[in-house]
Structure formats: C-alpha cells, structure tokens
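Undergrad: model this:
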Amino acid sequence: MLKSPLVPGKSGMAPLSGLDIYYAQYGQGPHLVLVPGLGVSTWIWDDHLPHFAPFFTVTTFDLRGAGRSDKPEGPYTVSQMAGDLLELLDFLNIPQCHLLGISLGGFVAQEFAIDHPERVNRLVLAATGPGGEAHSPMMPEVMDLLLAKSAAQSPGELLRRKLLLAFTENYMDSPAGEGQIRKRIRDPQPRAAFEAQAAAGSVFDRCRDLGNISAPTLILSGALDPLVPPDNGRYLQEHIPDSRFSLIEGLRHQFFVEDAQRFCNEVMAFLQGE
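TA: The predicted model follows:
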C-alpha cells in the first residue's frame, strides 16, 4: 500500500454557515475536489494523493459529522452536505473543479453537479448509486452488520467483520488491512454523527434529475460490492447523458482503496481527457 508523504500546502477550518469544516489542499494545477464517504475522514485519500497531487490542486475535506469537522446534532441531509461543499469552494475561491465522490460522497457529488452544473468540469462517482426508488439496496443482513454495536465481540473484531463488507479477505489479512483497522480506531466517529450521516444517505433521492448532469462523468463500481451493488453504477451510466461505466472485478465496496493504483489510473485518464 502506498503511503502519502505529502504535507498539505494549505489546511485549516473553513467557517461556513453554522459550522466549521476541515479542509486540506495539496499540489498545483486544475482543481480536483475529493468527497469522502460515510464514517471516514481525509485519511481515506492517503493512497491517492501521491497520484493526483503532481497534476492537480487537490482539495480534501471532512463531511459534517466526521473527522475534524464540526459534528452538529442531526438530522443531516445530503442537500446540507452539498451546501457545505458549495460554501467551502467559495471560501477557497474555487470557481470550477473536477469533482470525485465515493459512496455517500457520491450522493453529495451528484446533488452538487445537478444543482450547480457550472461549478463542475468532470465528475467521478465511485461505489455509489442514484438513491430513491431506482437504488438497488443492500441485503437486510448487510445493513444489520453495518449498524451493529459491539456486544459479545471486541470492537476490533466487530470492526474487522464490518470491513469485510468493503475489502476482500486477502486484503484484510494483509498489513494494509490491519492498517485500515488502526486508522478507524485512531479516528473514531461518534455514534450519533455516524447515524446522522447514514440516515441522510438512506433518504437521498435525485434519480429523476440525473439527466440534468451536464459534466462528463466516470462511474466505477466494485463487482462484489454488498453495500452498493453494481447495478446502481449501471443505472447511473444509463441515466447520466455523457457518462461511462467501469466495473472493477473481484473487489468490494472500497475497491478504490484496495486497488488504488488501478482506480487512480482510470480516474487520471478520464480527467486528462483520454
């Protein structure tokens, strides 16, 4: 697994309407903004920054409720999170950007691209779906495990079981998989904030507006993803006008971490117009 040796060129707290959002910027070039998923913070991009920062000004940030950003009492909505993103871009004087969202961050990226098309150059949606009636749901037992609280098992054992929804067993048995557990133990998300983020994602519904996304769009799904099954990615490709779909064989929800090299190669080729 790659380790990011990069130090942010700029980082801090952006004072938005009613809360502060943590951000960090790396590199130089056209703007690329990375939107994280449920329950993670800026460390999710550690393996990607060495690929992107030589070519782009990369902005990472923590969604409301995660990492170093404020964690107001819920409920949260995806619309709120997209509003936070708009205010953050204005604060950082970013008039237009490439936008990449993973999982819940893909919902935020869709909402933003639909409502603010003039701000998005190219759009990347990974491990995400359309929401609403068009969304292919996870199985009930998968949801139960995702929301389970530690009881008979130790927190580390339960965390490993949850991470097997996102990563293959081979990966979780490797030093890289152990690193994923350590990162989450070091940066625990308050239960209430996790549930507020999850609830926001559960009611997201812009499937009828996908035709209004004007940015060229790359959609990627893990073939074995039990959290956001790949039919969701196919639906996005069928309903976003200028889009293409890439199925990542053999991998689960966080294919973009487990095979960061392939993911970054596909994203770089797309953003550079290939």
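
Undergrad: When you work out contacts or count neighbours from here on, use the C-alpha atoms and nothing else.
TA: OK.

Undergrad: tell me which residues of the helix or strand bottoming out on mean pLDDT in the chain are tucked away?
TA: Of all helical and strand segments in the chain, the minimum by mean pLDDT, DSSP states H and E falls on helix 140-146, at a mean of 77. By neighbour count on 16 or more other CA atoms under 10 Å, the buried set for helix 140-146 is residue 146.

Undergrad: Output that helix in CSV with nothing but the alpha carbons.
TA: Only the C-alpha atoms of helix 140-146 are listed here, as CSV (Å, rounded to 0.1, in the frame of the first residue of the first chain):
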residue,chain,number,x,y,z
PRO,A,140,-31.0,-6.6,5.3
GLU,A,141,-28.3,-8.7,6.9
VAL,A,142,-25.7,-6.4,5.4
MET,A,143,-27.5,-3.3,6.9
ASP,A,144,-27.7,-5.1,10.3
LEU,A,145,-24.0,-5.7,10.3
LEU,A,146,-23.2,-2.2,9.2
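
Undergrad: After it, which helix or strand is next? Please name it.
TA: Next along the chain after helix 140-146, taking DSSP states H and E as the criterion, comes helix 155-163.

Undergrad: mean confidence for that following helix?
TA: For helix 155-163, the mean per-residue pLDDT is 85.

Undergrad: Now the element after it, going C-ward?
TA: Following helix 155-163 toward the C-terminus (DSSP H and E): helix 169-172.

Undergrad: So residue 177 is in contact with residue 171, correct?
TA: Yes: counting by CA atoms under 8 Å, residue 177 touches residue 171, with 5.4 Å between them.

Undergrad: quick revisit: check which helices and strands the least confident helix or strand of the chain is in contact with.
TA: In terms of contacts (3 or more CA pairs under 8 Å, 6 or more residues apart in numbering; DSSP states H and E), helix 140-146 is packed against helix 155-163.

Undergrad: Residues touching the helix it packs on, excluding its own?
TA: For helix 155-163, contacts defined as CA atoms under 8 Å, 6 or more residues apart in numbering pick out 145, 146, 150, 172, 181.

Undergrad: any idea which of those residues is closest to residue 194?
TA: Nearest to residue 194, judged by CA to CA, of the contacts of helix 155-163 is residue 146 at 10.7 Å.

Undergrad: Show me the helices in the stretch 151-274 of the chain, by range?
TA: Counting by DSSP state H, counting those that start in this stretch, the stretch 151-274 of the chain has helices at residues 155-163, 169-172, 175-186, 191-202, 231-239, 255-258, 260-271.

Undergrad: Could you take the ones you listed and lay them out as CSV, with extra columns for mean neighbour count and distance to residue 95?
TA: Output for those, formatted as CSV (neighbours: other CA atoms under 10 Å; distance: least, CA to CA, whole Å):
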stretch, mean neighbour count, distance to residue 95
helix 155-163, 16, 36
helix 169-172, 15, 39
helix 175-186, 14, 33
helix 191-202, 19, 27
helix 231-239, 20, 26
helix 255-258, 23, 27
helix 260-271, 16, 17
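
Undergrad: can you list contacts of the least confident helix or strand of the chain?
TA: 161, 162, 165, 226, 227.

Undergrad: of all those, which comes closest to residue 201?
TA: Nearest to residue 201 among the contacts of helix 140-146, with distances taken as CA to CA, is residue 227, at 12.2 Å.

Undergrad: give me the number of residues near that closest one?
TA: For residue 227, the count of nearby residues is 22 (other CA atoms under 10 Å).

Undergrad: that older thread, closest one to residue 208 among the helices of the stretch 151-274 of the chain?
TA: helix 231-239 (8.9 Å).
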